[in-house]
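Student: below are the sequence and a predicted model; questions follow.
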Amino acid sequence: MSAITSRPGTHSSEPKTQQEMTERGATAAAGAHPSWQYQDRFELWVDWMQRGSGGHWQPHEPVLQRAFRTREETLLQAERFIQRGDFPMGQRSTGGTTAPVTLMKNRRAALLQAFREAEGDGVTLIREVVFPIGEYALAVKVTRERLPDEIRTSFEQDANPLRSLVGQQVKMTVMIQHPYDVLSRAEGVLDIGDRSARVGSEVLTFPVAAAVTGVPYRTVTVAVPRGFMKKPLLYRFEIADLPSPSLPGAPAEK
């Protein structure tokens, strides 16, 4: 089974003017589902750096990337990782194998002290330090981003994250899962009904039980079964320009 494409205007519940679409978008933002709330997401990044031709440090190889719920936990885990002192260097420099790199105790202490004294902008960049080690350097940083949690539900549910994109300019890509063959693309203002979605001049009708996965206000995918032993048809919707602080429901950074 796949989504049904029809011409605009064939569903009486569909808005017929840009003003109606805008009003629906405002209504969707005002009635945001509780599961769409923004959450702080903190990430710890550790990377090997190498000097480029201009003498500036450039990313060489990633060592670690982990996400945490709180600032305090992220900083604590960063300090613990530094104190262990193991920073493997992998494929680019060793031809596909991972070479262990362990810092001596005094170097670990110096890196830890530098990290504790480091500063960021206090909003999206909490701390960042670049610590030279021979011809390389270790970059340790903690970042903060505000995002809703990923939602998994069905098309008919109020929590359907596609509803959070109503009234927004979106890009839609239709593809078959694995190997992700793209079948078509469309762009326009999104509106949805009980079983339908419209992007520009494209109107689609989905099964009410179609699986929906996505991050509200960002990117949403609707999966429609195509039958036994066939990969589902995927309809991917994403805001045309990301990120944008003016997205409905997005809180201002403090």
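Tutor: Everything's here; your move.

Student: going on from the helix or strand of the chain with the lowest mean pLDDT, what's the next piece of helix or strand?
Tutor: Lowest mean confidence among the helices and strands of the chain (mean pLDDT, DSSP states H and E): helix 18-30, at a mean of 47. Downstream of helix 18-30, the next assigned helix or strand under DSSP states H and E is strand 38-51.

Student: helices of the stretch 1-150 of the chain, start to end?
Tutor: With helices called from DSSP state H, counting those that start in this stretch, the stretch 1-150 of the chain shows them at 18-30, 71-84, 91-94, 105-117.

Student: touching the last one from outside, list them.
Tutor: Residues lying outside helix 105-117 but in contact with it, judged by CB atoms under 8 Å, 6 or more residues apart in numbering, are 78-79, 82-83, 85, 103, 127, 129, 131, 133, 138, 140. (C-beta placed from N, C-alpha, C; glycine too.)

Student: out of those, which is nearest to Arg198?
Tutor: Arg198 has its nearest neighbour among the contacts of helix 105-117 in Arg127, at 45.2 Å by CB to CB.

Student: enumerate every residue touching the closest one.
Tutor: 75, 78, 115, 118-120, 140-142.

Student: farthest pair in these?
Tutor: Ala78 and Glu119 (14.2 Å).

Student: who's more crowded, those two?
Tutor: Ala78 (26 against 10; other CB atoms under 10 Å).

Student: could you report the distance from Asp191 to Pro216?
Tutor: Per CB to CB, to the nearest Å, Asp191 is found 17 Å from Pro216.

Student: do the same with Pro59
Tutor: Separation of Pro59 from Pro216 (CB to CB): 31 Å.

Student: okay if I get the contacts of helix 105-117 as JSON lines plus pLDDT and distance to Ser196?
Tutor: As requested, those are arranged in JSON lines below (pLDDT from 0 to 100; distance: CB to CB, whole Å):
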{"residue": "Ala78", "pLDDT": "97", "distance to Ser196": "47"}
{"residue": "Glu79", "pLDDT": "97", "distance to Ser196": "52"}
{"residue": "Ile82", "pLDDT": "97", "distance to Ser196": "53"}
{"residue": "Gln83", "pLDDT": "96", "distance to Ser196": "56"}
{"residue": "Gly85", "pLDDT": "93", "distance to Ser196": "57"}
{"residue": "Leu103", "pLDDT": "93", "distance to Ser196": "58"}
{"residue": "Arg127", "pLDDT": "96", "distance to Ser196": "47"}
{"residue": "Val129", "pLDDT": "97", "distance to Ser196": "52"}
{"residue": "Phe131", "pLDDT": "97", "distance to Ser196": "55"}
{"residue": "Ile133", "pLDDT": "92", "distance to Ser196": "58"}
{"residue": "Leu138", "pLDDT": "96", "distance to Ser196": "52"}
{"residue": "Val140", "pLDDT": "97", "distance to Ser196": "49"}
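
Student: restrict those to the buried ones and give me that as a ChimeraX selection.
Tutor: To isolate the buried members of these in ChimeraX, using 16 or more other CB atoms under 10 Å:
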select :78,82,85,103,127,129,131,138,140
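
Student: how about Val222, what does it touch?
Tutor: Neighbour list for Val222: 3, 155, 162, 197, 206, 210-212, 234-235, 237 [criterion: CB under 8 Å, 6+ apart].

Student: still on that earlier bit, tabulate the contacts of Arg127 (TSV), appending distance to His33.
Tutor: Listed next are the contacts of Arg127 as TSV, based on distance: CB to CB, whole Å:
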residue	distance to His33
Leu75	32
Ala78	34
Phe115	39
Ala118	38
Glu119	37
Gly120	32
Val140	37
Lys141	33
Val142	30
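
Student: quick one: what helix or strand has Met172 in it?
Tutor: In the assignment (DSSP H and E), Met172 maps to strand 169-176.

Student: who does that strand touch, helix- and strand-wise?
Tutor: strand 181-192, strand 233-239 (3 or more CB pairs under 8 Å, 6 or more residues apart in numbering; DSSP states H and E).

Student: and among those strands, the most buried is which?
Tutor: strand 233-239 (a mean of 21; mean count of other CB atoms under 10 Å).
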